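> Sequence plus the predicted model coming up.
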Amino acid sequence: MTRRKSYELSPGKGPSMWRNLEDKARSGDELTKLAQEEQPGGFVTDLLSPKALVSRRSFVQGSSIAALAAGLQGCVRRPKNEILPYSKAPEYLVPGIPSHFATVTSRGRDALGVVVTSHDGRPTKVEGNEQHTRSLGGTDVRAQAYVWDLYDPDRSQSPARRSGNALVDASDADFDAALKDLAAKHAKDKGAGLRILAPISNSPSFRRLRDKVIEKFPNARFHTYSPVNDDNAREGARMAFQGSPYTPVYDYAKSAVTLSLGSDFLGSEPGSVAAGKRFGVTRMLGSSEAPMSRLYVLESNFTVTGSMADHRLRVPQADIEWFARALLLVLAARGAAELKPIVDLLQRVEGALQADAVDLPWLDAVADDLIANRGRSLVVPGAGQSARVHALASVMNGALGNFGRTAFFGPVIDPDDSSSGASIVELAKAADEMSSLIILGGNPVYDAPADIGLGDLLSRDGLTSIHLATHRNETSERCSWHAPLAHELEAWGDQQALDGSVTVQQPLIAPLYGGRSEIELLATVAGEENSSGHDLVRETQAALIDSDTKALLAYGIPATDLSSDVVWRRALHAGILLNPTPSKPPVNFTRIVEELISFRSRNPVSKDNIEVVFEPDPALWDGTHANNLWALELPSPMTKLVWDNAALMSPTTARELGVKNGQMLRLSKGDAKVEIPAWIVPGHADYSVTLTLGWGRTAAGRYGNGKGFDVNPLRSSDAMDFTDGVTVEPLRETYNLVQTQTHNRMEGRPIAIDATLDEYKKEPSFASYRSVDPVSTPPLWQQVDYSEGHKWGMTIDLSGCTGCNACVVACQSENNIPVVGKFEVERGREMHWLRIDRYFVGEDENNPDVAVQPVTCQQCEEAPCENVCPVNATVHSPEGLNDMVYNRCVGTRYCANNCPYKVRRFNYLDWHGHLDDKFGWYEDFPESRKLQFNPNVTVRMRGVMEKCTYCVQRIEKGKLAAKLDGRTLRDGEIRSACQQACPTGAITFGDLNDPKSKVSKLAAVDRQYKLLAEIGARPRTSFLARIRNPNPKLKGNG
Amino acid sequence: MSYDAPIKELGETSLLPEGTSAHDITETIAGVTENAAPRGWWLLFLLSLSALGAMTAALAYLFVQGVGVWGNNAPIYWAWDITNFVWWIGIGHAGTLISAILFLFRQKWRTSINRFAEAMTVFAVLCAGLFPAIHTGRPWFDYYLFPLPNQMDMWPNFKSPLMWDVFAVSTYLTISVIFWYVGLIPDFATLRDRSKNLTRKRIYGFFALGWRGAHRHWQHYERAYLIFAGISTPLVLSVHSVVSFDFATSVVPGWHTTIFPPYFVAGAVFSGFALVMTLMLICRSIFKLQNIVTIRHLDLMNKFMLGTALLVGYAYAMEFFIAWYSSNPYEQWVFFHNRLGWGQLDSSGNWGPLWWAYYAMVFCNVIVPQVFWFKRARTSVPIMLIASVLINIGMWFERFVIIVTSTYQDFLPSSWGMFHPTAIDILTYVGTFGLFFTLFLLFVRWIPMIAIAEVKGNLPGAHPDMHAIEAHDEAPDALGAPVPAE
């Protein structure tokens, strides 16, 4: 409203301030000189000239300098306590300027390279590493959330020993002594009775030290167990590739037709980030002429991959294998000659092919499409599918000529490592001869198959059990010793991804609670003299680095300077040490045929034979992140449920069982039973129920305890992925499940607009027709001219958005967004600045399409929120940002009422001190969690409105850097947190005034539209309508 | 003949019963402040004080914790807080209307109820003003809403209707208080003169501003009263128009409606009359004022309510017409689904969950007042008591319907929500009744609740042309041209 008047300042005016008479006698010129010395930039001179126009900022700067020069120190209130300045400042550290470090986070046997931002030594934000082959710059939800785990106030803070039924704190020295005793005890018997159980590891150092331990204790045994594992994939590869577990790595960017056999390759499977990036390339069309890939998905639960499908067939998990077998037959008949031998054998055996399990028109269309795109197609098996399906998929990819074109293979890694399922059973069988058990991380008492009874096994007398874990969890409670495990951001390590690339995991912070890493503990057990993680890793890597890698890493350095230190530093900097080494595995059909023939029984699902499928939770995973607030309050992509899991089923199943949303169910098979509320998911396969792992923890920590329902009791060692014959008994009670989005339909409104590729070709501008811009409405007041300077804008390509939620958590960690708790979410008070709207599209409630749409502040040029704020707390910046002035906001909430997109979030209570305790008094906010805050973003108090700022702190940082370098901003230099996190690259941010910027080009793509343009708010964010590419041969989406 | 004289042929009676003397009026009205309070007064006063105490506790809790203790959420950022604000402000309208507009239109019957209505106005506006002040997230910064000069050179946003509200409501409160006080001066003098102890004499004397009843006093007084009536008249229209701008200038479907200013004013007058009626009926019976506030007065008020009910009903219908005629799908959804409830509109067939609020509103505001077409209903105290209470409930629902059923399902279905009030919401609302009635009961007890001087002006004997009228009555053609009143 008001135009600021310029300040006037001249030496003669104002109160004269002096320290002594000499000072007082000084003239204005001297003052000027002093000030100039203080600030050599020279602007102070301008400031002191009486007629200069002075900005507020330079006024404050200048006046404070002048005041200091004139001897105002006497008036400054100094803190009385002593300060400890750096006597020697750490090299490269500029206070207030964050540093970035490349490191890596594990995904089972895969690894995801990340770059972590550190503010004054505190890691605060995780980004993808563009140079890492498994990240390509993107991240997933878990990567975004894992910085929270570092600051989890409930992390184990010291070793502990069992005393009676409880764990009692112990010192590190006690623990080391116990470890030494253990080693001494087993030194005599060469490790007989010593077992070591570890989760799946991708670490070369781990493997090296494992061998060292075995060397020292030849009778000791290692076991591997992870609840979410790659048993099927490895076993399938062994079947197909002469016993060697080659790991397939798919390049979706080159695939024109992709068939997913129950694979959630864009969501929960290893490599989903790189898959998203590559898949996105084939979907986000620059024009209606561009080629587009087609995705067929068979699945039981509705996953994010299913939501991206052009054709999605909902089938029970068990029937996917029968589809794969039938497909083999049809492909062989239509020209994939290589498959003939298998098919001939299969056709001779009764029951090896079962036509009733297969949707024939669908099969026909898929087969035709795959054959027509030989060498440009992919068949992708799901992690939850049997080993046979994995083998079949490899065989089909081979027969379709995809090897080396779309399907690649990483090296054989750790071929002798046994599968999780078998290994944990073996451990249980060996219980009697076991006298010591070391558990390196994980939580097997909670997540091991229930039929093993690991908990009772651990409580046996005479067994010394040592558990290394981040939390004193369910397993620690049963062990004789517990020691804190260092977080990945606290410890040295190395990780090899499925494609063979190796990355050093470098710590950003010393262990907060003195934790140690797995390899450090193994080194101690192995009796290594030096158990420092750093040295262990360097020793491993020294052996790994070959001359090629050296040359690559040393690019541009004279060979004479090429010491191992240089290579090492370069590797740390780049975040990748070894590049992928593709291999060409030999295919062999014999074992596949044997396996296929040996499994011929199909037991079709029905109301009386319900199938239960176990999946990792999209946010909590297997329970690893069960105390992570960001994960707990992250809406599940399809159900939008928060703070709980549920038994997911189709509307038909629910109707036939007489079940309503939230009704408690008792699922039982044999003696095992689980009670869990039901949730109806349109598009779920009938007579199949999906249960997500990771919930119902009892020793997760203050936030995660008792949230959701533990489904592990139903999981048995012979059916880790899915099982049938489960009885579902609806109970009387209902349970209150809470969603962030309760209405699932668009009600015919042009919101998340989509079209088929044919429609798009016919009418490229269809999206903007459907959402009319009221250009004819004259503005109420003169419109602002944004043609000078920057004009920030964003585009979101709905063709590329999978709805995976990575952006939601990225926004949360970047912008210090609080978590509110289940009770408050139920009241609609969740705080996510960026939300992902999910709509079901189509008439058939059992088989809908899904449209997802990330919605955040649209930065309207004629922002309805700004007019109505009585105190000018939300105003427009000259660059077109809709700024929120927190300290001016009184909280009338009028702006939020008037926001058509409902993207404004209000701090109804002090969310940092109030978590789900309804109307209780404030609690202390845990100190450790304060360390996570991004210091460049205000932590908002209660009573204040907040919303997306397009990450204004990043914009300012980028502008400042460009200004200091004396150059203009480069496109892509400033990236919003959501953009940076997005695995597919669907979000683009930049300057709309720069005609060469990516965002201005995308904003001009024909399928762009503005959400609710008819209101006339002139939003800056453009959406690019989603294009679907259905096969004309298949009607509908089924 | 005087136009306000009762037309006996039509069965009209004079406003005050035959034979009422000026002394009777003074005795009756001033007596209330002089005699011991009846037991009913004490009972009501204690009740009101408890409610006020409850409100204080609720507010303390609110200030410590934040507005989250209410049921407001996203997308229903305003709920009971602003509903109550608009409702109380609406109630505050009857006072000024009766005092100012009816005064300018020379509606003599207003004299028995105007004082009462003005007091109600002041107290209702106080209750109303409370809500915008406490509904903010950080009430200690409420002063940002006032255009105070400050070192930051920051002014409020004059484009914001909330800003206009601040001016409209504060002006209205100031003018209402002054207008009320000016009217009270002669009556304070009466009380002073009747005082039997010194304290009482001094206090009333202070407020009477040395009134002696001189002709010059009366002349100034009448002129001032006329001027204030003139100033107040546009305020009656402006305050609620401005309040309606809070909604009408927004983009929210169901709020963005051009009919809102007249619709809100009609509704305000309607609800104001209804509350005056409810309270009048109670006071009339407790303090035995049947001779001053007669059935004739009540009959006229009921007619007024019937008229405003029809206006409000018309506005309701017109909103639906425009929603249909505009073809705006968002607006149609709000009116036909959220308010009427029609499940056919929703793809899953669900009725708008708050449909009952809309039907409650229509029943109370449009259907109930139709009984006043019948004279028997207009003159029956129990019927009008029930009707007026129902109308006030209906008017509360009207504001609730406008605020909540518009926002809970607006543009993007992904953000739709639902509102549930909390105990603190209810306690705060009930508490404002405590504030209102505590002030009101104190007023009834210590200030003449009916304008003594003005009512006396309605006595047949007070009329300057009394004899002429009598002569006219006896010989219809004797006087010729009508004589202007006063």
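It's in. Numbering: from 1, shown residues only, chains lettered A, B, ... in the order given.

> Tell me, how many residues neighbour A:Lys188?
Neighbour count for A:Lys188, taken as other CB atoms under 10 Å in any protein chain shown: 8. All C-beta atoms are positioned from the backbone trio N, CA, C, and that covers glycine.

> CA-only coordinates of whichever helix or strand it is part of in PDB, if you can.
According to DSSP states H and E, A:Lys188 maps onto helix A:172-189. Taking Å, rounded to 0.1, in the frame of the first residue of the first chain, the C-alpha atoms of helix A:172-189 are listed here in PDB:
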ATOM      1  CA  ASP A 172      31.000 -48.200  26.400                       C
ATOM      2  CA  ALA A 173      33.900 -49.700  28.300                       C
ATOM      3  CA  ASP A 174      31.500 -52.400  29.800                       C
ATOM      4  CA  PHE A 175      30.300 -53.200  26.400                       C
ATOM      5  CA  ASP A 176      33.800 -53.400  24.900                       C
ATOM      6  CA  ALA A 177      34.800 -55.700  27.800                       C
ATOM      7  CA  ALA A 178      31.800 -57.900  27.100                       C
ATOM      8  CA  LEU A 179      32.700 -58.100  23.500                       C
ATOM      9  CA  LYS A 180      36.300 -59.000  24.300                       C
ATOM     10  CA  ASP A 181      35.000 -61.700  26.700                       C
ATOM     11  CA  LEU A 182      32.900 -63.100  24.000                       C
ATOM     12  CA  ALA A 183      35.800 -63.100  21.500                       C
ATOM     13  CA  ALA A 184      38.000 -64.800  24.100                       C
ATOM     14  CA  LYS A 185      35.400 -67.400  24.900                       C
ATOM     15  CA  HIS A 186      35.100 -68.300  21.200                       C
ATOM     16  CA  ALA A 187      38.800 -68.100  20.500                       C
ATOM     17  CA  LYS A 188      39.100 -71.600  22.100                       C
ATOM     18  CA  ASP A 189      36.300 -73.300  20.100                       C
END
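
> Which strands or helices does that helix pack on?
strand A:160-163, strand A:436-440, strand A:464-469, strand A:481-484, helix A:518-525 (3 or more CB pairs under 8 Å, 6 or more residues apart in numbering or on different chains; DSSP states H and E).

> who wins for proximity to B:Asn350 among the ones you listed?
Each of the helices and strands packed on helix A:172-189 has some distance to B:Asn350 by CB to CB; the shortest is strand A:464-469, at 47.1 Å.

> So in that sheet, which strands flank that closest one, and in what orientation?
Applying DSSP bridges, strand A:464-469 is found paired with strand A:436-440 (parallel), strand A:481-484 (parallel).

> okay, the angle between the first one and helix A:172-189?
Between strand A:436-440 and helix A:172-189, the angle formed by their directions is 130 degrees, by axes from the mean of the first three to the mean of the last three CA atoms, to 10 degrees.

> which residues touch strand A:436-440?
Here strand A:436-440 makes contact (CB atoms under 8 Å, 6 or more residues apart in numbering or on different chains) with A:182, A:185-186, A:193-199, A:458, A:463-469, A:475, A:479, A:518, A:521-522, A:525.

> Next, work out how far apart the residue in the stretch 101-250 of chain B that chain A sits nearest to and A:Leu909 are.
As assessed by CB to the nearest CB, chain A sits closest to B:Gly137 within the stretch 101-250 of chain B, at 2.1 Å. Distance from B:Gly137 to A:Leu909, counting by CB to CB, to the nearest Å: 10 Å.

> Hmm, A:Arg107 is touching A:Pro270, no?
Yes: counting by CB atoms under 8 Å, A:Pro270 is a contact partner of A:Arg107 at 5.0 Å.

> hang on, the earlier thing: which of the contacts of strand A:436-440 are buried?
A:182, A:186, A:193-199, A:458, A:463-469, A:475, A:479, A:518, A:521-522, A:525 (16 or more other CB atoms under 10 Å in any protein chain shown).

> Redo the helices and strands packed on helix A:172-189 as CSV? Include mean pLDDT.
Formatted as CSV, those follow (pLDDT from 0 to 100):
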stretch, mean pLDDT
strand A:160-163, 90
strand A:436-440, 92
strand A:464-469, 92
strand A:481-484, 93
helix A:518-525, 91
